[in-house]
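Asker: okay, predicted coordinates and the sequence, questions at the end:
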Amino acid sequence: MKKTYAISLIVIIGVVSSLMADNTNSPPKAVAELPEIKELANPFLFADGSTIRSKEDWQRRRKELKELFEAYEYGHLPAKSEKMIISPGEIIIDQDNEAAIQNLALNMEHHGKTFTMRVRLTMPRNAEKPSPVVIMSVFGRFENAAGQTGEARMNRFLGSFIKRGYAVAEFSMQQVAADSKEQPRTTGVYQLFGDNIDCGGLMAWAWGFHRVIDVIETVDKIDPKKVVVTGHSRYGKAALLAGAFDERITLTVPSHSGCAGAAPYRFIYGKSEQLHNIVGFAPYWFRPDFNRFVDNVERLPVDQHLLLALVAPRGLLSAEGTKDAWTNPQGSQLTYLAARKVYEFLDAGEKISIRYRPTGHVPNNEDLLDFADYIFFQKPLPEEFGKLSYPQEKSGFTWDVPN
């Protein structure tokens, strides 16, 4: 049985200054001009070679690393559009599932171009205080889930979140940027900003996560200090990127994110995906010239441990499967250990973990919820969290936390 409540409120975010990366940054260096780095690069060295000594230093180093990822791998993160207006829909009470469902539209305008992004928010019905929220890609057909072609009701996939007191905000990655090799830059963020952006699909999807946060910050039933982003496989890559580039995100949980996610480019174990595989399969996920590093991986200025480190000191859980060989789960152990050094430097070693299960390419939401309960509510973690599944790679990195 369901009840609906009409809401006519239009929430106006306001005019936002145009901070678009109009590609005014200096061009990246040619591959031949970049030094070879055989191990995972030292996160504690500035670009000029000096050593980081303080938490304030890390903030400057963090800025350097973000710029490197933008310039060499993912492209630049688009900013907010000039104008954003949020149009909230009816709240529907799904009594059978003890959930409240609301569809919201984020109407954006930039230099005369427009794009409307839809968000579906499913919340615990009887929450006594604002709920933590998990942001993810919509599960199944978005138009049905968002009430566009039928009666809105809670997706059964979300039951475990609602039962444990978490709201879920879903949006369509495909709406933000088409996952299409034939027509990759034709929808969503690209129709809004046109040729003024150089980002690939992964950074575009990360931008989508950020816009969902803009929406949920206006909902009084949501706790904006308890925001989780997650995704599985390619969407796990995007979730990790979103968490690295937006400090409003409290907990980042990439699931089986593999190459271009939590797994490194330099250390490949077994028959795992490599850089040349992924840029051949989905070149549009990256900045247009990322394929320069095929057969030149050691000249890539970054590797994925640095992306993990950009999340620090906020919560981070890498969810992996030991039978999911293509995603390089052993490599993700190496990047986890390297990123953990940054967390230790920032006195936040308890905020990062890895969770292995003996599974293939399938997600596990209970692990996410267990870690979220630990981060937000200091509940004890099951002992499986943080356990390593592989021998440690001695040649992975030789640096350590600065004294």
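Answerer: Happy to help now that I have it. Numbering: from 1, shown residues only.
Asker: so where do the helices sit in the stretch 201-350 of the chain?
Answerer: 201-216, 234-245, 275-281, 304-309, 329-345 (DSSP state H, counting those that start in this stretch).
Asker: so which bits of stretch 34-49 are buried?
Answerer: Leu34, Ile37, Glu39, Leu40, Ala41, Asn42, Pro43, Phe44 (16 or more other Cβ atoms under 10 Å). (Each C-beta comes from the backbone N, C-alpha and C, glycine too.)
Asker: ok, back up a step: could I get the helices of the stretch 201-350 of the chain as CSV with mean neighbour count and mean pLDDT?
Answerer: Listed next are the helices of the stretch 201-350 of the chain as CSV, based on neighbours: other Cβ atoms under 10 Å; pLDDT from 0 to 100:
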stretch, mean neighbour count, mean pLDDT
helix 201-216, 24, 98
helix 234-245, 27, 98
helix 275-281, 16, 98
helix 304-309, 28, 98
helix 329-345, 24, 98
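Asker: select, out of these, the one closest to Thr51.
Answerer: helix 329-345 (11.3 Å; Cβ to Cβ).
Asker: which strands and helices lie in contact with that closest one?
Answerer: helix 304-309, strand 315-321, strand 352-357 (3 or more Cβ pairs under 8 Å, 6 or more residues apart in numbering; DSSP states H and E).
Asker: between it and strand 352-357, how many degrees?
Answerer: 160 degrees (axes from the mean of the first three to the mean of the last three Cα atoms, to 10 degrees).
Asker: coming back round to it: nearest to Tyr265, out of the buried residues of stretch 34-49: which one, please.
Answerer: Taking the buried residues of stretch 34-49 together and measuring to Tyr265 by Cβ to Cβ, the closest member is Leu40, at 9.8 Å.
Asker: report pLDDT for that closest one.
Answerer: pLDDT, Leu40: 98.
Asker: ok, the one 5 residues further on next?
Answerer: Reported pLDDT at Leu45 in the predicted model: 98.
Asker: same thing with the one 3 residues further on?
Answerer: You'll see Asp48 listed with a pLDDT of 96.
Asker: residue contacts, Phe345?
Answerer: Phe44, Ile52, Trp58, Val401, Pro402 (Cβ atoms under 8 Å, 6 or more residues apart in numbering).
Asker: now a ChimeraX select for only the buried ones of these.
Answerer: Of these, the buried ones go into a single ChimeraX selection, burial set by 16+ other Cβ under 10 Å:
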select :44,52,58
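Asker: ok, Ala339 touching His305?
Answerer: Yes - judged on Cβ atoms under 8 Å, Ala339 makes contact with His305 at a distance of 5.0 Å.
Asker: shouldn't Pro132 be in contact with Pro224?
Answerer: No - using Cβ under 8 Å, Pro132 makes no contact with Pro224, being 9.7 Å away.
Asker: more neighbours: which of the two?
Answerer: Pro132 (25 against 16; other Cβ atoms under 10 Å).
Asker: now stretch 169-177, how far from the chain's geometric center?
Answerer: 13 Å (Cα atoms, centre = their mean, to the nearest Å).
Asker: for stretch 161-177, same thing?
Answerer: 13 Å.
Asker: just the mean pLDDT for it, thanks.
Answerer: Mean predicted lDDT for stretch 161-177 stands at 97.
Asker: okay, how far is it across it, tip to tip?
Answerer: End-to-end span of stretch 161-177 (Cα to Cα, to the nearest Å): 27 Å.
Asker: in the stretch 1-150 of the chain, where is pLDDT below threshold?
Answerer: 1-26, 139-150 (pLDDT under 70).
Asker: show me where it has its strands.
Answerer: Applying DSSP state E, counting those that start in this stretch to the stretch 1-150 of the chain gives strands spanning 2-5, 11-15, 83-94, 99-110, 113-124, 131-137.
Asker: the last one packs against which elements?
Answerer: The one in question is strand 131-137. strand 113-124, strand 167-171, helix 201-216, strand 222-232, helix 234-245, helix 365-377.
Asker: make it 6 Å
Answerer: Judged by 3 or more Cβ pairs under 6 Å, 6 or more residues apart in numbering; DSSP states H and E, the packing partners of strand 131-137 are strand 167-171, helix 201-216, strand 222-232.
Asker: pull up the pairing partners for it, direction included.
Answerer: When sheet partners are counted by DSSP bridges, strand 131-137 sits next to strand 167-171 (parallel), strand 222-232 (parallel).
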